[in-house]
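Chemist: fold the following and give me the result.
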Amino acid sequence: MAGLDNLVVVTALPTIREKLGGSLQDLEWTVNAYTLSFAVLMMFGAALGDRFGRRRVFTAGLLLFTAASAAAALAPGIGELIAARAVQGAGAAIIMPLSLTILTSAVPAAKRGAALGIYGALNGLAIAGGPLVGGVVVEHMSWQWIFWINVPVGLLLAPAAWRALAESRGPNNRLDVPGTLLVSLGILALIYGLIRAGGHGGWGAPQVVGPLVAGVGVLAVFVLWERRSSAPMLPMGMFRNRAFSAVNAGGLLMSVGMYGVVFLITQFMQTIQHMSPAEAGVRMLAWTAMPLLVAPVAGTLSDRIGGRPVVVFGLALMAAGFAYWAMVMSPHVSYAEQLPGFLLGGVGVACFFAPLLNLTMSSVAVSEQGIASGSTSATQELGAALGVASLASVFSHNGGYASAQNFVDGFVPALWVGAAAMALGAVVMLFATRPAGTAEQHSAEPDSAEPDSAEPDSAEPDSAEPDSAEPDSAEPARDAVEPAPAATR
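Modeler: Numbers count the residues shown, from 1 in each chain. Presented below is the predicted three-dimensional model:
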């Protein structure tokens, strides 16, 4: 449910624009309000569960998400919808990390791989089905029902979770409230500046430069705070690890390109090519559903040759797909002409995500894996918000909604920016070589660790010693770990 709402709204954007009004910037906030609060509160949500009880906080997150979904469905205007989406994202930031932690501790070690494999498949299905579900619901019911469908699910799940789940807590029971506020304000200022760049005189306008400079300044203060905090939400010493930094940077750049292009391509298909929401959702399946078919092959390949070349190949395919679209795009381009771009993007996404968790976990020490996995997920959500804001800004600077050709005039430069982000991500991921000795930590005693040490959200930050990451001068080992457990695929 939380994963579906990442993309379920994109095929409804033209209808929402028609029914509620609003500018391109308002549509961006409809998407970004969710992804921003999701990104910046995810690690805080996991820490809340560790401190106050995972079952209790997980149930509260379900109720918060459900209430926000009802508020979004009842929103009388675009401003109210954006506010409800932000609260929805906060609920998702609690649900997602705690669901994985609870599942990991509830399932016996012998069955954990299969359980996490099902969990991962359902997440993939949510991403694949988001545009299609949104399109079908909007066309045959109304746009409000993309939010109403969450309400009965949440109302059934909350009491079931309270009664059926065992309560548990984690060692990471200290909350980094100042760090959470600083990173939230800094990222919000950056996104605000990027969105305003599209409609307020370009990048040099004071309304744009001011928020961007303020955002960078607040994020610098966040870094200083995290370096001095006794219980940081994200220990800065981890970024001395070249592999960890590369994985996070690569994930951010991938999300910038992918979500920014999805935001615009769905509007192109409906606004310019006059497809219905359902038709647009079905045609998007050539991209979004491809990971369900290709991911198992990509996962097997990454076990044989290592995850890094598979991820680099996936990013290169997505860059090629966007570049292809930029070269063939016109108001009257047929779906058959667009199809190679969809297929390249779909295979590329599969090749990126299949080995990503394995690469993340093998880039850090066992004691750092919880923070590493939370950081990677949050970085991708942040990239989604940055991608929508930056590519929409490029689009509005070069084109708009005045005519079909005017839309294409803005869409083509945005596609080139998306392709450049993917290509840069591929280059960055070439440096994702794990520190020497990390693999041995993962494979030496797979079953001897306490359950909490394997839970993605319960690793204690203070246990992550800065020197657990080997210096860059250490000889890099091959980035394929010992036969990866199914839980990492």
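Chemist: going by C-alpha atoms from here, please, whenever you check contacts or count neighbours.
Modeler: Fine.
Chemist: now the end-to-end length of stretch 70-82.
Modeler: Length of stretch 70-82, first residue to last, Cα to Cα, to the nearest Å: 13 Å.
Chemist: now for residue 424: which residues touch it?
Modeler: Contact analysis of residue 424 by Cα atoms under 8 Å, 6 or more residues apart in numbering lists residue 253.
Chemist: let me know the pLDDT of it.
Modeler: What the model reports as pLDDT for residue 424 is 93.
Chemist: so it is in which element?
Modeler: Applying DSSP states H and E as the criterion places residue 424 in helix 404-429.
Chemist: so residue 91 touches residue 59, yeah?
Modeler: No - under the criterion of Cα atoms under 8 Å, residue 91 makes no contact with residue 59, lying 9.9 Å away.
Chemist: who has more neighbours, the two?
Modeler: A count of neighbours by other Cα atoms under 10 Å puts residue 91 above the other of residue 91 and residue 59, at 31 against 23.
Chemist: distance of the more buried one relative to residue 102?
Modeler: From residue 91 to residue 102 the distance is 16 Å (Cα to Cα).
Chemist: helices along the stretch 51-200 of the chain, start to end?
Modeler: Here the stretch 51-200 of the chain has its helices, by DSSP state H, counting those that start in this stretch, at 54-73, 78-106, 109-140, 145-148, 150-164, 177-197.
Chemist: how far is the fourth one from where the chain is centred?
Modeler: The reference is to helix 145-148. Centre-to-centre, helix 145-148 and its host chain are 21 Å apart (Cα atoms, centre = their mean, to the nearest Å).
Chemist: what about residue 159, neighbour count?
Modeler: 13.
Chemist: measure residue 307 to residue 314 for me?
Modeler: Distance, residue 307 to residue 314, using Cα to Cα: 11 Å.
Chemist: more neighbours: these two, which one.
Modeler: More crowded of residue 307 and residue 314, by other Cα under 10 Å: residue 307, with 30 against 27.
Chemist: was I right about that one contacting residue 360?
Modeler: No - at 9.9 Å, residue 307 and residue 360 do not qualify as touching, with contact defined as Cα under 8 Å.
Chemist: now name the helix or strand holding residue 377.
Modeler: helix 369-398.
Chemist: ok, residue 155 - contacts?
Modeler: Neighbour list for residue 155: 63, 66 [criterion: Cα under 8 Å, 6+ apart].
Chemist: pLDDT score for it?
Modeler: On the pLDDT scale, residue 155 is placed at 93.
Chemist: likewise residue 386?
Modeler: Listed pLDDT for residue 386 reads 82.
Chemist: then the one 3 residues further on?
Modeler: According to the model's per-residue confidence, residue 389 sits at a pLDDT of 79.
Chemist: from residue 349, how far off is it?
Modeler: As defined by Cα to Cα, residue 389 lies at a distance of 21 Å from residue 349.
Chemist: number of nearby residues for residue 160?
Modeler: Neighbours of residue 160 using other Cα under 10 Å come to 12.
Chemist: how near is it to residue 30?
Modeler: Distance from residue 160 to residue 30, by Cα to Cα: 31 Å.
Chemist: I'd say residue 418 and residue 263 touch.
Modeler: No - contact between residue 418 and residue 263 fails when scored by Cα under 8 Å: they sit 11.6 Å apart.
Chemist: which of the two has more neighbours?
Modeler: Neighbours per residue, other Cα under 10 Å: of residue 418 and residue 263, the larger number sits with residue 418, 30 against 24.
Chemist: how about that one, nearest residue that isn't a chain neighbour?
Modeler: Nearest residue to residue 418, sequence neighbours excluded (Cα to Cα, 6 or more residues apart in numbering): residue 257, at 4.1 Å.
Chemist: nothing else from me, thank you.
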